[in-house]
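Engineer: quick check, what structure comes out for this input:
(one chain, ligands or ions: 2)
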Amino acid sequence: MAKVSQLTELKGVGPKLAEQLHKLNIFTLADLYFHLPFRYEDRSRITPIAGLQPMRPAVFQGEVRGASVLFGKRRSLLVKLQDASGVISLRFYHFSAAQKKQFSNGATLRCYGEPRRGASGLEVYHPEYQLLEDGLDEPLEPSLTPVYPATDGISQQRLRLLHQQAHQLLRDQQVALTDLLPRSWLQQWRLPTLEESLLFLHQPDRNTPLEYLLSGQHPAQKRLILEELLAHQLSLHKIRAQVQAHQAPAINSPQQLQQQLLAQLPFTPTGAQQRVVKEIEQDIRQPYPMLRLVQGDVGSGKTLVAALAACDVLEAGFQVALMAPTEILAEQHLNNLSAWFEPLGIRCGWLAGKVKGKARNQSLSDIADGSAQLVVGTHALFQNDVDFARLGLIIVDEQHRFGVHQRLELREKGVQMGLSPHQLIMTATPIPRTLAMSAYADLDTSVIDELPPGRSPITTVAIADSRRPEIIQRVSAACAATTRGEPAAQAYWVCTLIEESEALQCQAAENTAQELQQALPHLRIGLVHGRMKAAEKADIMAAFKDHQLDLLVATTVIEVGVDVPNASLMVIENPERLGLAQLHQLRGRVGRGSAKSHCVLLYKSPLSFTSKQRLQVMRDSQDGFYIAEQDLMIRGPGEMLGTRQTGLQMLRVADLQRDGDLLPQVREMAEQLWNHHPQTVEPLIQRWLGEAERFANV
Ligand code: ADP
Ligand code: MG
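Structural biologist: Residues are numbered from 1 along each chain as shown. Ligands and ions are numbered 1, 2, ... in the order given. Prediction:
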């Protein structure tokens, strides 16, 4: 008999239904099999009425013992149902006269629903029900009942029937699904075959505990979870392989520039900085592009690492571009780096959105003829009309805002005469291991896991805003010079607003600055927010850095990168509105000098449970990785990185939080498959990523 291979060969699937199935991303027969239930119901057994429990959906049946319409707050129909063990109430808020008639005394009903505690003891609201005409011999479901992701216009029932048909075909071996995992793996890891897994998951044995399925522990689930994670891993592998098929300048420099740079610094690199620089150097010696992510907690000294890597590339005669996400940050980098590099005879270039007209043309021509060697800027660096003479290295700071696609785009931009630049990505938002292994699997990772010496820990407290006056006094005390002649400290006051509008946020910051100036007339108070001109912002920042200001009131524009070691107190208003990663970033602005630092989280009470949990994490720890892990647990991976950016929102059976511990195994599998079973790579990616993967390769 000819095998069934098309979706439309199934009974009942015409063009109309096929179109509706497309909305569920079901285009092929195989897609249908991979459209898996997201939960199950047990309709395979009848529970005696006395055995029903609140919140546990079940099938039960009995005889009607009275049906009456009640006129309470809302009119409802209450039906008493009795079996040999007891009585339960069914309650209907929507009902017809015909329905009411069905519930005549003595009629036998079989119901499915979730009992809850109600006015008359256990009640089931709007149960599914069926009248049993002659006796009790209606068959029950033979297996657990799957519940599928559905959509408008295609009911659960319709999907189930379709799946039953497909299931039968698979069982009768009239459909061929290729098992893409090597046989030997199934034995080695004790996994069921693809067919076994799918047959089970669409119709699980009725004795399988629901909790077991819900936790994703069943071998049939494990196998598909592994397969899906594997497909994601392989797609990142593929991107990586595509990039590495490009050529890059192999950088071999005598490292004199590095020596010169280090010689003029007042400190020596930490062990971690040295190690990471070594890792980068090994990469850029290769004739294909480096793709390295450097993770380093706030203040760990990423800029120096970037600068040392830049030295090698500059010395070899190539340009280096450093891109930061905001103008404030880019400018700060420009200042730091030109102070380091100009004395060594390296010319720095600058390009940002605000650079216009003549200045911009000059910048562009310096970049194009190579006279700007180290070019610092924002996204403006990668606009179409920017041409580099010989770009050898792209450094992207604070990368967590970009996703895989943007990374790809950047790589493309730098290609010249067949040579791709190396790429170094630096993030201060530590990425939890599980995410790093999935969302960032196309990158190599280095970690700067050590802070420069002499930093003192930050004490963090959470205080309700009813105690605001007290906190204002605390700012005053901190910024006053002590009698013992210790220098006065400086402080940040960070305003946050939930409103979308930046204008409102800035207004709030302005109001706060005024309020604080009135309360603290003896302090020199500055204000920075996103709507000020870049030059104005830069002036204020410089004044704060020079200690011409005591207190800096700011919106979250100071989130990243700002470096003023003398600032040792930070007040953050409404911290409950910010993500943990962002709070951690903000707080990292203090604790940069040797003075003991404090952070006050001035929250608006009452706090929700989750907010309490999150502020607690901030008080407990200053370890960015721990905080990120907690953030992941509390919020989930999608929100943390921005779902759009990770591609992980498309996971169908896997759940990174639940299944994160499988990732090491998945990595190993991906290696093996890539090297020893390359023919299965593409089909696996197609099977699980389908459309999305096609999109990724534009
Ligand atoms: P981040 O990793 O947050 O970008 P930065 O690169 O801004 O950190 O460095 C923070 C501060 O630490 C800067 O003032 C920098 O000059 C200083 N710094 C960097 N490396 C060291 C070191 N090895 N010893 C002492 N100070 C250092
Ligand atoms: Mg930085």
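
Engineer: what residues does the protein have near ligand 1?
Structural biologist: Neighbours of ligand 1 within the chain, by C-beta under 6 Å from any ligand atom: 267, 269-270, 273, 296, 298-304, 428, 452, 563. The C-beta positions use only the backbone N, C-alpha and C, and glycine is treated the same way.

Engineer: show me what the helix ranked longest in the chain is packed against.
Structural biologist: Assignment by DSSP state H gives helix 219-244 as the longest helix of the chain. Applying 3 or more C-beta pairs under 8 Å, 6 or more residues apart in numbering; DSSP states H and E, we find helix 219-244 packed against helix 194-202, strand 291-296, helix 404-413, helix 433-438, helix 663-676, helix 681-696.

Engineer: could you give the angle of it to helix 194-202?
Structural biologist: Orientation check (axes from the mean of the first three to the mean of the last three C-alpha atoms, to 10 degrees): helix 219-244 against helix 194-202 gives 120 degrees.

Engineer: mean confidence score for helix 219-244?
Structural biologist: For helix 219-244, mean pLDDT rounds to 87.

Engineer: any idea how far that helix is from the chain center?
Structural biologist: 18 Å (C-alpha atoms, centre = their mean, to the nearest Å).

Engineer: quick one, strands of the stretch 501-650 of the chain?
Structural biologist: Ranges of strands in the stretch 501-650 of the chain, per DSSP state E, counting those that start in this stretch, are 525-528, 551-554, 567-573, 597-603.

Engineer: tell me which strands the last one pairs with, and in which orientation.
Structural biologist: Read that as strand 597-603. Strand 597-603 has the following strand partners under DSSP bridges: strand 458-464 (parallel), strand 567-573 (parallel).

Engineer: residues touching the first one, excluding its own?
Structural biologist: Yep, that's strand 458-464 we're talking about. 470-471, 575, 587, 590-591, 596-605, 615-616, 618-619, 622 (C-beta atoms under 8 Å, 6 or more residues apart in numbering).

Engineer: one more time with 10 Å, if that's ok
Structural biologist: 470-471, 474, 568-572, 575-576, 583, 587-592, 596-607, 611-612, 614-616, 618-622 (C-beta atoms under 10 Å, 6 or more residues apart in numbering).

Engineer: contact partners for residue 512?
Structural biologist: By C-beta under 10 Å, 6+ apart, the contact list for residue 512 reads 493-495, 525, 527, 553-555, 571, 573.

Engineer: model confidence for it, exactly?
Structural biologist: Looking at residue 512, the pLDDT reads 93.

Engineer: distance of it from residue 87?
Structural biologist: According to C-beta to C-beta, to the nearest Å, residue 512 and residue 87 sit 63 Å apart.

Engineer: check residue 420 too.
Structural biologist: Plainly put, residue 420 is 75 Å away from residue 87 if you go by C-beta to C-beta.

Engineer: who has more neighbours, the two?
Structural biologist: Ranked by neighbour count (other C-beta atoms under 10 Å), residue 420 and residue 87 place residue 420 first, with 25 against 16.

Engineer: hang on, the more buried one packs against residue 286?
Structural biologist: No - applying C-beta atoms under 10 Å as the test, residue 420 and residue 286 come out as separate, 11.7 Å apart.

Engineer: mutual contacts of the two, please.
Structural biologist: The contact lists of residue 420 and residue 286 share 244, 248-249, where a contact means C-beta under 10 Å, 6+ apart.

Engineer: out of the contacts of residue 512, flag the one nearest to ligand 2.
Structural biologist: When these are compared for distance to ligand 2 (C-beta to the ion), residue 554 wins out at 16.9 Å.

Engineer: so the closest one bridges to which residues?
Structural biologist: residue 494, residue 528.

Engineer: that one: neighbour count?
Structural biologist: Counted with other C-beta under 10 Å, the neighbours of residue 554 add up to 28.

Engineer: got a list of what it touches?
Structural biologist: 492-495, 509, 512-513, 526-530, 537, 540-541, 544, 562, 570, 586, 589.

Engineer: with residue 545 instead?
Structural biologist: Contacts for residue 545 (C-beta under 10 Å, 6+ apart) come out as 332, 335, 490, 552, 562-567.

Engineer: can you flag the buried ones in the residues you listed?
Structural biologist: Buried by 16 or more other C-beta atoms under 10 Å: 332, 335, 490, 552, 562, 564-567, out of the contacts of residue 545.

Engineer: which residues of the stretch 301-450 of the chain fall in helices?
Structural biologist: Secondary structure of the stretch 301-450 of the chain (DSSP state H, counting those that start in this stretch): helices at 302-315, 327-341, 357-369, 404-413, 433-438.
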